[in-house]
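> Sequence and computational prediction follow.
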Amino acid sequence: MKAPDIRVELYESFSELSTAGANITISKRARYILHKMNLEDACLKACRNAGDDKSKSPDLQETNKSTFRRLDALRISRGDFMKILFNSVPSKNLRLGKKLTKYTFIRENGPIGLQFSDGTRAICDVLVGSDGVRSTVRGQLMREKARLSDDDTFHKHVDPRWSGTIIYRSLIPRSRLAVQNPNHSLLSTGQIYLGNNQHITAHPFSNGMLDVAISITDLSKEGSPWPSNNWSSQLDKETSRRKLAKRFLDSNKEVQDLIKVFDMSIETAVMDVEPLPFYVRGHVALIGDAAHSALPYTGGNASMAIEDAYALGRILRISMTTKDTLPISLRAYQRIRKPHGNNNIHNARQVLREFQLNGNSGTDMESAIQRIRYHFHETFATTESTPDTDLRMALSWMNSEMSKSRHGRS
Ligand SMILES: Cc1cc2nc3c(=O)[nH]c(=O)nc-3n(C[C@H](O)[C@H](O)[C@H](O)COP(=O)(O)OP(=O)(O)OC[C@H]3O[C@@H](n4cnc5c(N)ncnc54)[C@H](O)[C@@H]3O)c2cc1C
């Protein structure tokens, strides 16, 4: 989105742009945005090159095969997607190796000073905190709010919250599973195996590997602090299998066969952000995971970040937005995006519970599957509304707020 009167500078803490990660899911609404920005074709091409023309998301066990395809979502490798985005940003606007440590309001509702870990500084009119789940900008905003309002409850939004769940993730050659069980359903399709306080998602990649993620929850730990700054560690094959075999002793043969071939894995604490009471203050706004990182069980985070960026970009470039009206414009962004972002957090928490048969459906598998479907539809917003419908609401609200403030002044 180009706007001749706005200069965008992108500060990234890493010294090179990271293309790490597996697949991300692009929802129908996010695809609409990529299409408008002339980026959808490049994404489809990357999916085709990876041998994955359409969504190849796993099916829920014992259900028909259409759940994800009907959602019109696209699954693309994070690396490919990042490259497509990088190529669309002029390199003169990128500042790599710049880790923001602090911002300062130079004047209330005025410019903002930025400080980086290398000792350098910068000034901007609007600070958009797009710095992920461990956001420095969110941390500072929430701590300031706690101090100014003398209300400690804002501190719960500073650090990510542990769900009580650990994911064990491994890539396994399909050929190894075929030796263990030549009739295993994972040799032909993805699956999600629901269970009591544990579940497994597994889907085949076109390169002959199976991506397997085993999630185990201790509900008594939900919301408690994760003891270390490090959320992930590598486990060797023996430790991985030993940790998992006992848990799945009573499971069906398919699951037991899968555990027998499970390889060394990455063990990761599953975190999200407690839904925020606000996304903006003065000239500072939060977008993406910084504002509403959800548990990874609906796969909605990347799409939500795309929708936030589009909404904020469109609002900032309209003529009604000037340096004087920025606080109103940013609040308009918050009005349309906060409900979606916070809802995504709730949906993902509900999906995890239904996957692990400890949600509203209890152990009723059929009901759990229905509810999971419902939450996926909510996340991927296959309703009639498009991001532009939301924008029209934002613009109409801005009009009315600006007219009120003009009358207030006269
Ligand atoms: C390495 C990595 C791998 C991932 N893999 C997957 C995956 O396989 N599947 C999936 O669904 N999602 C994955 N995600 C998450 C997914 O990218 C995000 O949920 C989603 O895209 C939302 O993006 P975001 O820009 O809000 O946050 P992020 O993608 O987390 O980006 C935040 C960026 O801000 C930078 N940053 C953080 N703090 C500072 C600071 N103080 N100053 C300057 N820069 C800072 C980070 O280096 C990062 O580049 C991954 C994220 C990362 C960072």
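Yep, that arrived.

> What pLDDT is listed against the residue in the stretch 101-250 of the chain that the ligand sits nearest to?
Per C-beta to the nearest ligand atom, G132 is where the stretch 101-250 of the chain lies closest to the ligand, at 3.0 Å. Where C-beta positions appear, they are placed from N, C-alpha and C, glycine not excepted. pLDDT for G132: 97.

> give me phi/psi at it?
Phi and psi for G132, reported as degrees, to the nearest 10, are phi 80, psi -170.

> Now do the nearest residue to it once chain neighbours are set aside: how many residues are near it, please.
Spatial nearest neighbour of G132, excluding adjacent residues (C-beta to C-beta, 6 or more residues apart in numbering): D289 at 4.7 Å. The tally of other residues near D289 (other C-beta atoms under 10 Å) stands at 24.

> cool, and K92?
7.

> try the one 3 residues further on
Residue neighbour count, defined by other C-beta under 10 Å, stands at 13 for R95.

> which helices and strands sit right next to the helix or strand containing it?
Applying DSSP states H and E as the criterion places R95 in strand 94-96. Counting contacts by 3 or more C-beta pairs under 8 Å, 6 or more residues apart in numbering; DSSP states H and E, strand 94-96 packs against strand 10-12.

> is the following helix or strand past the strand it packs on anywhere near the ligand?
The helix or strand immediately downstream of strand 10-12 is strand 23-26, counting by DSSP H and E. Yes - legend: contact between strand 23-26 and the ligand by C-beta under 6 Å from any ligand atom is shown at I24.

> pretty sure the residue of the stretch 101-250 of the chain closest to the ligand contacts H292?
No - applying C-beta atoms under 8 Å, one finds G132 not in contact with H292, separated by 11.5 Å.

> Look at the two and report which has more neighbours.
More crowded of G132 and H292, by other C-beta under 10 Å: H292, with 30 against 16.

> Hmm, A305 and the more buried one touching each other?
No - between H292 and A305 there is no contact under C-beta under 8 Å: 9.0 Å.

> contacting residues for the residue of the stretch 101-250 of the chain closest to the ligand?
Counting by C-beta atoms under 8 Å, 6 or more residues apart in numbering, G132 makes contact with 288-290, 293.

> Quick check, central residue of the chain?
For the chain, the residue sitting closest to the mean C-alpha position, by C-alpha atoms, centre = their mean, is N301 at 1.9 Å.

> Now S220: closest residue in space that isn't a chain neighbour?
Once flanking residues are discounted, S220 sits nearest to G164: 7.1 Å by C-beta to C-beta, 6+ apart.

> sec struct for the one you found, please.
strand (DSSP: H, G, I helix; E, B strand; the rest coil).

> Could I get the full set of helices for the stretch 51-200 of the chain?
67-70, 78-87, 136-149, 174-180 (DSSP state H, counting those that start in this stretch).

> V158 is nearest to which of these?
helix 136-149 (4.7 Å; C-beta to C-beta).

> Mind checking the pLDDT average for that closest one?
97.

> list the buried ones in that helix?
136-142, 145-146 (16 or more other C-beta atoms under 10 Å).

> Please write out the alpha-carbon positions of that helix in CSV.
What follows is helix 136-149, C-alpha atoms only, in CSV (Å, rounded to 0.1, in the frame of the first residue of the first chain):
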residue,chain,number,x,y,z
THR,A,136,8.5,-4.7,23.8
VAL,A,137,5.9,-2.1,22.8
ARG,A,138,3.0,-4.0,24.4
GLY,A,139,5.1,-4.5,27.6
GLN,A,140,5.8,-0.8,27.9
LEU,A,141,2.2,0.3,27.0
MET,A,142,0.7,-2.0,29.7
ARG,A,143,3.3,-1.2,32.4
GLU,A,144,2.6,2.5,31.8
LYS,A,145,-1.1,2.0,32.0
ALA,A,146,-0.7,0.1,35.2
ARG,A,147,1.4,2.9,36.7
LEU,A,148,-0.8,5.8,35.5
SER,A,149,-4.1,4.2,36.6
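
> Outline the domain layout of this protein.
The chain is divided into the following domains under automatic domain parsing: 10-159+274-409, 161-272.

> Quick check: buried residues in stretch 403-410?
In stretch 403-410, counting by 16+ other C-beta under 10 Å, buried: nothing.

> Provide a list of residues in contact with I24.
Here I24 is in contact with 75-78, 81, 299, 301-302 (criterion: C-beta under 8 Å, 6+ apart).

> Weed out the non-buried ones from the residues you listed.
Among these, the ones that count as buried by 16+ other C-beta under 10 Å are 75-77, 81, 299, 301-302.

> Show me those residues that map onto strands.
75-77 (DSSP state E).

> where's the dip in pLDDT among these?
R75 (81).

> Next, count neighbours for G208.
Look at G208: counted by other C-beta under 10 Å, it has 9 neighbours.

> and what of S117?
Neighbourhood size, S117 [other C-beta under 10 Å]: 13.

> that older thread, now render the buried residues of helix 136-149 as JSON lines, adding distance to A394.
JSON lines is the format used below for the buried residues of helix 136-149 (distance: C-beta to C-beta, whole Å):
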{"residue": "T136", "distance to A394": "27"}
{"residue": "V137", "distance to A394": "22"}
{"residue": "R138", "distance to A394": "22"}
{"residue": "G139", "distance to A394": "27"}
{"residue": "Q140", "distance to A394": "26"}
{"residue": "L141", "distance to A394": "21"}
{"residue": "M142", "distance to A394": "24"}
{"residue": "K145", "distance to A394": "23"}
{"residue": "A146", "distance to A394": "28"}
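
> Distance to the ligand added to these, as JSON lines?
Below are the buried residues of helix 136-149 laid out as JSON lines (distance: C-beta to the nearest ligand atom, whole Å):
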{"residue": "T136", "distance to the ligand": "4"}
{"residue": "V137", "distance to the ligand": "8"}
{"residue": "R138", "distance to the ligand": "10"}
{"residue": "G139", "distance to the ligand": "9"}
{"residue": "Q140", "distance to the ligand": "10"}
{"residue": "L141", "distance to the ligand": "13"}
{"residue": "M142", "distance to the ligand": "15"}
{"residue": "K145", "distance to the ligand": "19"}
{"residue": "A146", "distance to the ligand": "20"}
